[in-house]
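# sequence first, predicted coordinates after that:
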Amino acid sequence: MASQDPARRRTLHTWSSADLPWTLQRAETEQQPLLDLASNDYLGLSRHPAVIDAATEALHRDGVGAGASRLVTGSRPCHARFEADLADWLGRSCVLLFPSGFQANLAAVCILADRHTTVLADRLIHHSLLVGVRASGARLQRFQHNDLTDLERRLQAMAGQPGSLVVLSESLFSMEGTSPDVAALAAVCQRFGADLLMDEAHALGVLGAEGRGLCFGIEPVRLISGTFGKAFGSGGAFLACDADLGDALLQTSGAFRYTTALAPPLVAGAQTALDLIRSHPHWSQQLQQRASHWRDALEGQGWSRPAGVGPVLPLLLGSDTAALAAQAVLEEHGLLSVAIRPPSVPEGTARLRLVLRRDLPNETVEQLLKALPSP
């Protein structure tokens with residue numbers, strides 16, 4: 001392997017949970033616990049007592065794993081119940097559960113696209129969706145990030161050409177904090193007969209009406225993917241669609257058919273998280289209000305205002321070394337925010353990715369402002 005810039009090398013660190021639910025501690029050192037500004041546990045549900053109790057009960061009732069694929073003996077009542085409840089919450093006819101978001105996105109692209117398809121993907125789309133495009137054999141075009149004018153121009157240029165069209169985007173881009181105008185995006189796709197696949201992994205629970213994501217109520221969105229390892233505090237993923245497309249996934253999707261079913265304790269934990277989110281519809285609005293306060297505070301200290309309205313707040317630092325240095329400074333002040341470097345983000349845009357959690361102490365933003373280097 002060719003020599004690699006030390007600032008670009010990745011290292012695995014092991015983290016232990018600390019006494020407080022919003023803290024982590026490096027397992028290999030005696031370092032003080034750090035306030036977690038890096039994880040995607042936006043609502044703090046991974047350690048919520050009700051979620052833990054539900055997973056524990058399922059563990060004793062159904063075992064650690066499902067033991068087989070859904071089409072063999074892997075389906076449990078908890079799978080069917082959760083799929084029905086999630087479909088109802090999202091306003092979709094069908095939901096299918098998957099063991100991972102990467103796997104769900106692979107299945108999603110491959111059910112919509114084949115070698116006769118042209119896929120138009122936002123330039124900052126998640127890697128899993130690009131892997132899905134390669135697996136499908138489709139042709140790929142990239143449009144400028146959240147730029148509907150560029151997308152429309154490309155769709156117009158392909159009007160009348162043979163083959164189908166599929167558009168890929170996300171409702172909350174996890175490294176940018178940005179969101180498209182989903183209704184306008186769906187309208188453009190509908191006008192040109194393109195299927196729209198939206199990845200709602202980072203938006204569910206935190207954006208949209210009562211946390212239902214930005215695709216809720218927008219019928220032209222053909223297929224929605226989402227995960228339970230973020231705001232739901234559990235693990236696994238899903239695809240939501242109409243009944244016909246759901247049956248096509250069941251009948252033909254290898255990514256669904258040839259994998260062990262999502263572990264029952266994870267299903268139970270995610271089910272309880274959904275119940276909590278539905279019974280606390282104000283949580284998402286409160287988190288957005290807090291995120292707005294953090295953006296105001298960072299802007300007031302001279303930082304460029306982080307884009308978007310959700311709980312992901314990137315602070316662009318440019319070079320890899322600058323981002324790593326800022327990460328180290330924050331750790332010295334008891335805060336964990338991981339430096340994000342290429343290829344996860346474009347060259348020259350290394351950053352700290354600040355993640356706001358609902359359960360962080362109120363004084364965290366003041367602690368952050370004192371620790372941050374000058375912009």
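Received, thanks.
# buried residues in stretch 25-36?
The neighbour-count check on stretch 25-36 (16 or more other C-beta atoms under 10 Å) flags Gln25, Arg26, Pro33, Leu34, Leu35, Asp36 as buried. C-beta: built from backbone N, CA, C; applies to glycine.
# take these and keep only those in strands.
Among those, the ones falling in strands (DSSP state E) are Gln25, Arg26, Leu34, Leu35, Asp36.
# how far away is Leu148 from Arg142?
As judged by C-beta to C-beta, to the nearest Å, Leu148 and Arg142 stand 14 Å apart.
# no wait, Leu96
Here Leu96 is placed at a distance of 28 Å from Arg142 (C-beta to C-beta).
# one more: Val312?
Counting by C-beta to C-beta, the gap between Val312 and Arg142 amounts to 22 Å.
# equivalent analysis for Ala121, please.
According to C-beta to C-beta, Ala121 stands 6 Å off from Arg142.
# of these two, who's got more company?
Between Ala121 and Arg142, counting by other C-beta atoms under 10 Å, Ala121 is the more crowded of the two (23 against 16).
# secondary structure class for the more buried one?
For Ala121, the secondary-structure state derived from DSSP: H, G, I helix; E, B strand; the rest coil is strand.
# for the closest residue in space to it that isn't next to it in sequence, pull up the helix or strand it's in.
On the basis of C-beta to C-beta, 6 or more residues apart in numbering, the spatially nearest residue to Ala121 that is not a chain neighbour turns out to be Leu168, at 4.2 Å. Secondary structure from DSSP states H and E places Leu168 in strand 165-170.
# after that strand comes which helix or strand?
If you walk from strand 165-170 toward the C-terminus, the next helix or strand you reach (DSSP H and E) is helix 182-191.
# in that following helix, what's buried?
Counting neighbours by 16+ other C-beta under 10 Å, one finds that the buried residues in helix 182-191 are Val182, Leu185, Ala186, Val188, Cys189.
# for the last one, give me its contacts.
Taking C-beta atoms under 8 Å, 6 or more residues apart in numbering, we find Cys189 in contact with Leu155, Leu165, Val167, Asp195, Leu196, Pro220.
# burial count for the fourth one?
When counting by other C-beta under 10 Å, one arrives at 21 neighbours for Asp195.
# what packs against the strand or helix carrying Asp53?
Secondary-structure element containing Asp53, defined by DSSP H and E: helix 49-62. Contact partners of helix 49-62 among helices and strands, from 3 or more C-beta pairs under 8 Å, 6 or more residues apart in numbering; DSSP states H and E: helix 264-279.
# in the chain, which helix is the longest?
helix 283-300 (DSSP state H).
# is it true that Ser75 touches Pro264?
No. Here Ser75 lies out of contact with Pro264, judged by C-beta atoms under 8 Å, at a distance of 10.3 Å.
# what sits against the residue lying closest to Gln190 once chain neighbours are set aside?
Ranked by C-beta to C-beta, 6+ apart and with sequence neighbours excluded, the top spatial neighbour of Gln190 is Pro220, at 4.4 Å. For Pro220, the contact set (C-beta under 8 Å, 6+ apart) comprises Ala186, Ala187, Cys189, Gln190, Leu196.
# quick one: the third one from Arg115, how far?
Distance, Cys189 to Arg115, by C-beta to C-beta: 21 Å.
# straight-line length of stretch 307-315, end to end?
By C-alpha to C-alpha, to the nearest Å, the extent of stretch 307-315 from end to end equals 10 Å.
# helix, strand, or coil at Ala135?
Taken by three-state DSSP, the conformation at Ala135 corresponds to helix.
# contacting residues for it?
Counting by C-beta under 8 Å, 6+ apart, Ala135 touches Leu106, Val109, Cys110.
# mind redoing it with 10 Å?
With C-beta atoms under 10 Å, 6 or more residues apart in numbering as the criterion, the residues that contact Ala135 are Leu106, Ala107, Val109, Cys110, Ala113, Gly254, Ala255.
# Leu196 too?
Leu196 makes contact with 112, 165-169, 182, 185-190, 215, 218, 220-224, according to C-beta under 10 Å, 6+ apart.
# and what of Arg81?
Listed by C-beta under 10 Å, 6+ apart, the contact partners of Arg81 are Val267, Ala268, Gln271.
# and the strands in the chain?
15-17, 23-26, 34-36, 94-98, 118-122, 139-143, 165-170, 195-199, 221-227, 237-241, 312-318, 335-336, 339-340, 350-355.
# quick one: furthest residue from the center of the chain?
Distance from the C-alpha centroid of the chain, by C-alpha atoms, centre = their mean, peaks at Gly160 (34.5 Å).
# I'd like the distance between that residue and Phe192.
Here the criterion is C-beta to C-beta. By it, Gly160 lies 10 Å from Phe192.
# cool, Gln103 as well?
With distances defined as C-beta to C-beta, the gap from Gln103 to Phe192 amounts to 29 Å.
# which one of the two is surrounded by more residues?
Using other C-beta under 10 Å, the more surrounded residue of Gln103 and Phe192 is Gln103, with 19 against 16.
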